[in-house]
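Q: one predicted model, sequence on top.
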Amino acid sequence: MEVEVWRPGGVRGTATARTRGREREAEEAAGRGDAGQRGAEGSSHKKMVTPGAKREAVAHAREHHGLSERRACNLVGVSRRVIRYRSSRPDDGPLRQRLRELAAERRRFGYRRLGYLLAREGITPNHKKLLRVYREENLRVRRRGGRKRALGTRAPMVLPDGPNQRWSLDFVSDTLTCSRRFRILCVVDDYTRECLALVADTSLSGVRVARELTRLIGMRGKPHTVVSDNGTELTSSAILRWSQERRVEWHYIAPGKPMQNGFVESFNGRLRDECLNETLFTSLPHARFVLDAWRHDYNHVRPHSKLGGRTPAEKAGKPVWEHAPRQVAITSTNHHVGAGLYL
């Protein structure tokens, strides 16, 4: 607040002129940036939080500036005991190497599924240690672009209590390197989660589907129920006649409700993610051979999360195969089916 004063000589002035200047200096001082404010000078570097970062800073100060250990520790703000500490943790080298090998071979497997494979080989790290090593090695699974999923309530399906009680059918399509499209008939046992058949061809009619189901019945026995969508091949007169002659119940899910056929839909996702998206098929015989090899690997080697890490073959009471590199098995017979290209 300014107050008029009369000075000798009749000259008016303000008594607060010098005070305002001090207030201005105070404002400038208050407005200066410090180390804790954004945009302040000297705040562009991140804080050193971990002991490893502080050890590197102390080593840099001693090597490039010739400081003693005591002065370097005082400068960084860390105890010399922390700098001199040497970890007594056992070496993780073999675990890291084997984890990298399995992750390179099974690129679409996460750390839990890789842990199942390690346990089969006698390597049983704690799940927290396995996750830590998995992250330190940057082995995260690359996320692919998703698709729109159906919304709404999803009523739980009643699980079958034995093999051959319910089979699920669906189709998957893919393209050869010559841009020719082909389709794959997928048949899954909902109890054991086994992949019973992967039939690849450029055309799969209802007659062909009935013929493949007859072949499966001759190998495994007759199912009680078959679940599928309302595709034209699966609602044809050939399929209706086949189900009546074989006395097999055929259940069609509601239109636009793929979640009602969740077992085979989940299988289709694994098939596309781990096989179809990973391989360039040069010919139809090549595609059939790769699909057959992947089906064998899926049934006998690949651990299934919904089966507690067991394979579908173990669930069905069949012998378990030893783990073998899938790509080596496929490429070893390329002279029969043509060279395969793997992404």
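A: The structure has been received and is ready for your questions. Residues are numbered from 1 along each chain as shown.
Q: any residues touching the host helix or strand of Val207, and which ones?
A: With elements taken from DSSP states H and E, the one containing Val207 is helix 206-220. Under the criterion C-beta atoms under 8 Å, 6 or more residues apart in numbering, residues 164, 169, 185, 187, 196-197, 199, 201, 223, 226, 232-234, 236-239, 241-242, 246 lie in contact with helix 206-220. C-beta coordinates here come from the backbone N, C-alpha and C atoms, glycine included.
Q: pull out the buried positions in it.
A: By neighbour count with 16 or more other C-beta atoms under 10 Å, helix 206-220 contains the buried residues 206, 209-210, 212-213, 216.
Q: could you turn the buried ones of the contacts of helix 206-220 into a PyMOL selection?
A: Provided next is the PyMOL selection string for whichever of the contacts of helix 206-220 are buried by 16+ other C-beta under 10 Å:
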select buried, resi 164+169+185+187+196+197+199+223+226+233+234+236+238+239+242
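Q: of the contacts of helix 206-220, which belong to helices?
A: Among these, the members falling in helices are 237-239, 241-242, 246 (criterion: DSSP state H).
Q: closest one of those residues to Tyr85?
A: Ile239 (71.0 Å; C-beta to C-beta).
Q: that closest one reaches Asn230, doesn't it?
A: No: Ile239 sits out of contact with Asn230 when judged by C-beta atoms under 8 Å, with a separation of 11.3 Å.
Q: returning to what we had before: between the ones in helices among the contacts of helix 206-220, which is nearest Glu69?
A: Ile239 (81.0 Å).
Q: which residue is the nearest non-sequential neighbour of that closest one?
A: Once flanking residues are discounted, Ile239 sits nearest to Gly206: 4.9 Å by C-beta to C-beta, 6 or more residues apart in numbering.
Q: per-residue confidence for that neighbour?
A: Per-residue pLDDT puts Gly206 at 93.
Q: can you check Ser179 too?
A: With respect to pLDDT, Ser179 has a value of 94.
Q: can you check Lys257 too?
A: Lys257 is assigned 86 on the pLDDT scale.
Q: what comes up buried for the host helix or strand of Ala119?
A: According to DSSP H and E, Ala119 maps onto helix 111-120. With burial defined by 16+ other C-beta under 10 Å, the residues of helix 111-120 counted as buried are 111, 113-118.
Q: so which other helices or strands are in contact with that helix?
A: Where contact means 3 or more C-beta pairs under 8 Å, 6 or more residues apart in numbering; DSSP states H and E, helix 111-120 is packed against helix 93-105, helix 127-136.
Q: of all the ones you listed, which one is nearest Pro255?
A: helix 93-105 (40.4 Å).
Q: which elements pack onto the closest one?
A: helix 111-120, helix 127-136.
Q: tell me the angle that helix makes with helix 127-136.
A: Interaxial angle, helix 93-105 versus helix 127-136 (axes from the mean of the first three to the mean of the last three C-alpha atoms, to 10 degrees): 60 degrees.
Q: chain center to helix 93-105: distance?
A: 17 Å (C-alpha atoms, centre = their mean, to the nearest Å).
Q: list the buried ones in that helix?
A: 95, 99, 102-103.
Q: make CSV from the residues you listed and add pLDDT to it.
A: Compiled in CSV, those are given as follows (pLDDT from 0 to 100):
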residue, pLDDT
Leu95, 93
Leu99, 94
Leu102, 94
Ala103, 92
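Q: just give me the longest helix of this protein.
A: Longest helix in the chain, counting by DSSP H: helix 284-300.
Q: what pLDDT is listed against His286?
A: At His286, pLDDT is 96.
Q: same question, Glu4
A: 58.
Q: again, but for Arg7
A: 58.
Q: cool, and the one 3 residues further on?
A: At Gly10 the predicted local distance difference test score is 55.
Q: chain neighbours aside, what residue packs nearest to the most centrally placed residue in the chain?
A: Nearest to the mean C-alpha position of the chain, by C-alpha atoms, centre = their mean, lies Val141 at 4.1 Å. Spatial nearest neighbour of Val141, excluding adjacent residues (C-beta to C-beta, 6+ apart): Gly110 at 5.6 Å.
Q: quick one: that neighbour from Pro258, how far?
A: 24 Å (C-beta to C-beta, to the nearest Å).
Q: burial count for Ser228?
A: 22 (other C-beta atoms under 10 Å).
Q: again with Thr225
A: So Thr225, with other C-beta under 10 Å, has 15 neighbours.
Q: my read: it touches Arg166, true?
A: Yes: with contact defined as C-beta under 8 Å, Thr225 reaches Arg166; the gap is 4.6 Å.
Q: output stretch 92-111 as PDB, nothing but the C-alphas.
A: Extracted C-alpha coordinates of stretch 92-111, given in PDB (Å, rounded to 0.1, in the frame of the first residue of the first chain):
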ATOM      1  CA  ASP A  92      21.800 -68.400 -12.800                       C
ATOM      2  CA  GLY A  93      23.800 -69.000 -15.900                       C
ATOM      3  CA  PRO A  94      22.500 -72.500 -16.800                       C
ATOM      4  CA  LEU A  95      18.900 -71.400 -16.100                       C
ATOM      5  CA  ARG A  96      19.200 -68.300 -18.200                       C
ATOM      6  CA  GLN A  97      20.800 -70.200 -21.100                       C
ATOM      7  CA  ARG A  98      18.200 -73.000 -21.100                       C
ATOM      8  CA  LEU A  99      15.300 -70.400 -20.700                       C
ATOM      9  CA  ARG A 100      16.600 -68.500 -23.700                       C
ATOM     10  CA  GLU A 101      16.900 -71.700 -25.800                       C
ATOM     11  CA  LEU A 102      13.300 -72.700 -25.000                       C
ATOM     12  CA  ALA A 103      12.000 -69.200 -25.600                       C
ATOM     13  CA  ALA A 104      13.700 -69.100 -29.000                       C
ATOM     14  CA  GLU A 105      12.200 -72.400 -29.900                       C
ATOM     15  CA  ARG A 106       8.700 -71.700 -28.400                       C
ATOM     16  CA  ARG A 107       8.400 -68.000 -29.200                       C
ATOM     17  CA  ARG A 108       4.700 -67.900 -28.300                       C
ATOM     18  CA  PHE A 109       5.100 -69.500 -24.800                       C
ATOM     19  CA  GLY A 110       5.000 -67.300 -21.600                       C
ATOM     20  CA  TYR A 111       7.100 -67.900 -18.500                       C
END
